[in-house]
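Undergrad: everything below, folded, please.
(2 chains)
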Amino acid sequence: MTATVIHIPGHGPAPVLGPSPDRVESLAAYLARGGYRSELRPEELLARIEAADLRGHGGAGFPTAVKLRAVRDGEGAPVVVANGEEGEPGSVKDRWLLRARPHLVLDGLVRAARITGADRAFVYLSDEGAERRVRQALAERDPGLPVEVVRTEPAYVAGEESAVVRRIDGGPALPTAKPPRVFEHGVGGAPTLVANVETLARLALLTGGSDGADTALLTLSGGRSAPVLTEQRYGVTLRQLAVLQGTAEPSAVLMGGLFGGLLPPSALDLPLDRARLAQAGTGLGCGAIRFLAPDECPVSVAADAVDHLTAESSRQCGVCVSGTRALRDTLVALAEGRCDADGQANLARWAQGLPGRGACGLLDAAARLAGSLVAGFADLVEAHRRTPCPACAATPPDAGRRLRVPVPLPMTTATVLRAAVPPPPCTAARVG
Amino acid sequence: MKLRIDSTRCQGYGECLPPAPGVIDLDEWGYARLLVVDLTDDQEAAARAAVDACPNNALRLER
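TA: You can find the predicted model right below:
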């Protein structure tokens, strides 16, 4: 697959990407940019996080200040965890961030520890390159509290907060039933902050008083153009992002990794805005957006995505095993032109009834994919019931392998000439 | 009182349905689906019976 291109916006801030996202940022470089320097008191930072309305960038978008306070006010000495396990096949930003700017994440982690009063911290990840950079960064500078790196096997559900806690506690990286939530009962039973690494990077940036919460890292992919890792201001439209990625007239948009369902082209004028996306029944999730090529069929993409989720189900909940399989089989039947009216009705019914029933959100993602397909592409679904679709026939489900985006590998020495990566066909596009 | 289900424990025995038909339903695969989370006083006895009926302790009452 084509290498991922890192795109620095021509206008507007990109504080997390930084000025040289294709390089590993050394301690000296981070310090030169003001890193680790701020004397801001923890309670002042917390107030700033709240004023900026910083949200989690792992998927759920929960207000960071609320989470920090809940952990701080819990019973017992809190624990903080930087969560870098990026299970979404279409997202690369967390692994890039740990590989390129480990100090920015550690700065945020230590500040989160100060806000919550935690005396122990963890960095949780699965990527070998990220682990190497984090260990190197920890050796370069004493973080001032014990920070343990815990590596897990990559899996879709391994980054879910209860799976993170279970793995750190020595168990398998599998979700548990809620309640309790990890902020009240996490690592070793302690109140635990599990925060996405991008969220922690933004928390560190907010100490500088900058625009840390105004942008989001995005992994854009689709069509025949190279995937793009970029950072954009909220408010940019999906259409502008599609042009930037090089799939100007997509047949559909796969939102929020596999979590935001499929949107029809009529949704392209939606802005990147949490409230507006929620109104439209979708979400930014981890910031991964896939634009389907004009000749790509949303039905086979839905079938493929749910096939991936079915394979990635941790098989702990009976309803998830049965539900994802039923959704997958029905979507595959639809793609192959052998779905009857009952199957079509089942998709709509399952989309309503299955969310919220598993221990984690994997079943919800599968249900939303099916529901958004049936609701947003009604004519297409109707047509597939009668006639097999040539586009679907050409792309049978392969457990989501074609949804995968390669992670950029930042270079370690500043002297190396810029890598010979050809510019994307859309470098002229200016967004944000 | 709230009724909670641990979906990782529900094995689809269906023992919870007879004591609490208005509170719990079984889906097409036989797994328990809560119709109510916040129980009224009238529903509490039925929910308690369902909790007791589950052979795998998948249901519990809270607060």
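
Undergrad: tell me the domain boundaries of chain A?
TA: For chain A, the structural domains run A:7-206, A:298-394, going by automatic domain parsing.

Undergrad: how about those in CSV, adding mean pLDDT, mean neighbour count and distance to A:Phe291?
TA: Yep, even glycine has a C-beta here, placed from its N, CA and C like the rest. Shown next, in CSV, are the domains of chain A (pLDDT from 0 to 100; neighbours: other C-beta atoms under 10 Å in any protein chain shown; distance: least, C-beta to C-beta, whole Å):
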stretch, mean pLDDT, mean neighbour count, distance to A:Phe291
domain A:7-206, 96, 21, 11
domain A:298-394, 96, 21, 11
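
Undergrad: got TSV for these, with distance to B:Met1 too?
TA: Below are the domains of chain A laid out as TSV (distance: least, C-beta to C-beta, whole Å):
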stretch	distance to B:Met1
domain A:7-206	14
domain A:298-394	19
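
Undergrad: to A:Cys286, which of these lies closest?
TA: Closest to A:Cys286 of the domains of chain A, according to C-beta to C-beta: domain A:7-206, at 4.8 Å.

Undergrad: wait, does that closest one contact chain B?
TA: Yes: residues of domain A:7-206 are located near chain B by C-beta under 8 Å from any C-beta of the partner chain, namely A:Thr176, A:Ala177, A:Pro179.

Undergrad: okay, strands next: where are they in the chain?
TA: Using chain A. Along chain A, counting by DSSP state E, strands occupy A:5-7, A:79-83, A:120-125, A:147-151, A:192-196, A:215-222, A:228-233, A:252-254, A:262-263, A:288-292.

Undergrad: let's do chain B instead
TA: Applying DSSP E to chain B gives strands spanning B:2-5, B:24-26, B:32-34, B:59-62.

Undergrad: for A:Gly59, give me its contacts.
TA: A:Glu88, A:Asn196, A:Gly256, A:Gly257, A:Phe259, A:Gly285, A:Cys286, A:Gly361 (C-beta atoms under 8 Å, 6 or more residues apart in numbering or on different chains).

Undergrad: widest-spaced pair of those?
TA: Maximum pairwise distance in the contacts of A:Gly59, criterion C-beta to C-beta, is 14.6 Å, between A:Asn196 and A:Gly361.

Undergrad: which part of the stretch 151-300 of chain A gets nearest to chain B, residue-wise?
TA: A:Ala177 (3.9 Å; C-beta to the nearest C-beta).

Undergrad: identify the residue nearest the geometric centre of chain A.
TA: By C-alpha atoms, centre = their mean, chain A has its centre lying nearest to A:Cys286, at 2.3 Å.

Undergrad: surely it and A:Leu258 touch.
TA: No: the criterion here is C-beta atoms under 8 Å, and A:Cys286 misses it with A:Leu258 at 9.8 Å.

Undergrad: quickly list what's touching both of those two.
TA: Common contacts of A:Cys286 and A:Leu258 (C-beta under 8 Å, 6+ apart): A:Glu88.

Undergrad: ok now the helix ranked longest in chain A, how far from the chain's centre?
TA: In chain A, with assignment by DSSP state H, the single longest helix is helix A:318-335. Between the centre of helix A:318-335 and the centre of its chain there are 24 Å (C-alpha atoms, centre = their mean, to the nearest Å).

Undergrad: hang on, the earlier thing: relative to A:Glu153, which of the contacts of A:Gly59 is nearest.
TA: Set against A:Glu153, the nearest of the contacts of A:Gly59 by C-beta to C-beta is A:Glu88 (15.7 Å).
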